[in-house]
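Trainee: Mind looking at a prediction? Sequence and model below.
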Amino acid sequence: MNKLFVAISMTLFACLALLGMVYLQDDSHAEILTEEISLQDSTGGIPVPLRIEEAIEGLEAKEDSLLASGAVDVTEDISEEDLHMVSLHRTPPLKLSAELLAAGKEDDSVFSTTLINNANTQYYGLIAVGTPPHEFKVVFDTGSSVLWVPDASCKSEACTLHKTFRLHNSKTGSLLGTSSSSDPQVRVAKIQYGTGSMTGVEASDTVRIGGKTGKPAIQKAGILLATKEESSVFSNFPFDGVFGLNRRSVKSGSVDFNVMRHAKKVGAVKHNIVGFWLGGPPGSTGGTVSIGGPDQRFYEGKLSWHPVMSNPFGNWMLNLQSLKMGGVEVCEGGCTTIIDTGTSLLVVSEPEHHLITQHIDIHSDCKNFEKNPSLEFDYDGHKLTLKAADYTIEMVGDDDSKRCSSAIVPMQGTLRNKISNIVPGSSKKVLIMGDVFLRKIYTAFDNSDPKKPRVGFAEGKNHRDVKDLLAVPDNTVPEESM
């Protein structure tokens, strides 16, 4: 079986709902009951069907005091002591089998379909959970809200192929909802994907971002320990779990499962900011995520900050004033964009995608793709550009030949049907800005003040200019663990 990596995102096209809080009568938490109620926060529980509407929006609806674009930015003065860098491993380009290469000679669409069904790239880094610390490879995902890793009790194939965690071996770990030793009960949450589901026991423990020696060390962070992963897709992921980085608060009792919100509350970080540079080559130096603030060493000039649109699901959602393809306006009257590090490609609503494809011509043999026009994004007057090479994906065949396809794909399936419910005002002009965009543009996500969430953009530096900064062995995913 070929490895199946989810292209648009590990979970973006997957139907997902955090439906948690069921009780187990077994302290081994190996059996899962079927009763489900919603995760709660101060606004009450709302079960939802998509990953990007995964949980509860725990932020205030009004954002009248949002920081205006171009205002004085205090984050430029964040000290080095407040900033922690984690190296990200980038998976190599997709390998095409001889069968796919042969099929592609008859029909070029085979390559674009393969790209959509199999992720071209994924980025993951190290965290450590518990005392003593136990390391896991995770995707740092701005499209989801919680941290989860496999539990040792899980017998699903996906769990047996990845690292697992034994909570009782941790001096600082505890199960949530345990009532008494004679009648043990633990809380369980379920994440429902369109391609399967994950059920996890609710726990809290110390989380170190960056591996065993990583900082910050976040005490009593909420964690889901997966006891059942019901999908073969999970088996093929090169990482163990997911570290959610969106804005919503997802609480179980007094524990907030949004780890970065919790980290800010307990003083583990001064600023609830994460910054992504994804401009590196495949391998252990493919990118970085900075915790506590943007890392000025990885971008040119200053960040332009843009207010996040109020939305009920905590997405990093921005208003895009204009998108031009070689001078042709694609987003007449503006579009809505969702900035998502868990998405590989640039996902565009169908009418806008159709307009874009009329102006680009990418041959499967990779000839002359650089002649295609650039994409120019206008956020509050700040223009960001992707050249043809930035949105063209190269795939490699078993014979080392190259095949190319556009990394701009149409919004389809469940996401297409649900997107108008996700975006305020029922907008149907939506772009999911994945790694294709983030590889070129350094992006910082700031939720230090939940009433003023914002996203910062700047042109990312070339990997050759930062290669010395990437040689940080302590939190780099070892090559042998790929």
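Mentor: Ah, there it is.
Trainee: Going by C-alpha atoms from here, please, whenever you check contacts or count neighbours.
Mentor: Noted.
Trainee: Show me what residue 322 bridges to in the sheet.
Mentor: Applying DSSP bridges to residue 322 yields these beta-bridge partners: residue 378.
Trainee: same question, residue 251
Mentor: Residues in beta-bridge contact with residue 251 (DSSP bridges): residue 40, residue 256.
Trainee: Which parts of the stretch 351-482 of the chain are helices?
Mentor: Using DSSP state H, counting those that start in this stretch, the helices of the stretch 351-482 of the chain run over 413-422, 435-438.
Trainee: Most tightly packed of the ones you listed?
Mentor: Among the helices of the stretch 351-482 of the chain, helix 435-438 has the highest mean neighbour count (mean count of other C-alpha atoms under 10 Å), at a mean of 25.
Trainee: which residues sit against that one?
Mentor: In this structure, residues lying in contact with helix 435-438 by C-alpha atoms under 8 Å, 6 or more residues apart in numbering are 121, 276-279, 340-346, 386, 390-391, 407.
Trainee: again, 7 Å this time
Mentor: Helix 435-438 has contacts (C-alpha atoms under 7 Å, 6 or more residues apart in numbering) with 278, 341, 343, 344, 345, 346, 390, 391.
Trainee: Go through the helices of the stretch 351-482 of the chain and find the least confident stretch.
Mentor: Across those, helix 413-422 has the smallest mean pLDDT, namely a mean of 75.
Trainee: How about exporting that helix as PDB, limited to the C-alpha atoms?
Mentor: The C-alpha trace of helix 413-422 is given here as PDB (Å, rounded to 0.1, in the frame of the first residue of the first chain):
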ATOM      1  CA  GLY A 413     -16.200  17.700  -0.600                       C
ATOM      2  CA  THR A 414     -17.300  18.300   3.000                       C
ATOM      3  CA  LEU A 415     -15.300  21.500   3.300                       C
ATOM      4  CA  ARG A 416     -16.900  23.100   0.200                       C
ATOM      5  CA  ASN A 417     -20.400  22.200   1.600                       C
ATOM      6  CA  LYS A 418     -19.700  23.600   5.000                       C
ATOM      7  CA  ILE A 419     -17.500  26.600   4.400                       C
ATOM      8  CA  SER A 420     -20.300  29.200   4.300                       C
ATOM      9  CA  ASN A 421     -21.200  28.100   7.800                       C
ATOM     10  CA  ILE A 422     -17.600  28.600   9.000                       C
END
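Trainee: in this protein, which spans are helices?
Mentor: Along the chain, the stretches classed as helices by DSSP state H are 98-106, 109-117, 157-160, 232-235, 259-265, 350-357, 413-422, 435-438.
Trainee: Stretch 127-136: end-to-end distance?
Mentor: Taking C-alpha to C-alpha, to the nearest Å, stretch 127-136 runs 6 Å from one end to the other.
Trainee: Would you mind listing the buried residues in that stretch?
Mentor: Residues of stretch 127-136 classed as buried: 127, 128, 129, 130, 131, 133, 134, 135, 136 (neighbour count, 16 or more other C-alpha atoms under 10 Å).
Trainee: now, the most widely separated pair of the residues you listed?
Mentor: Pairwise distances across these (C-alpha to C-alpha) peak at 13.7 Å, for the pair 131 and 136.
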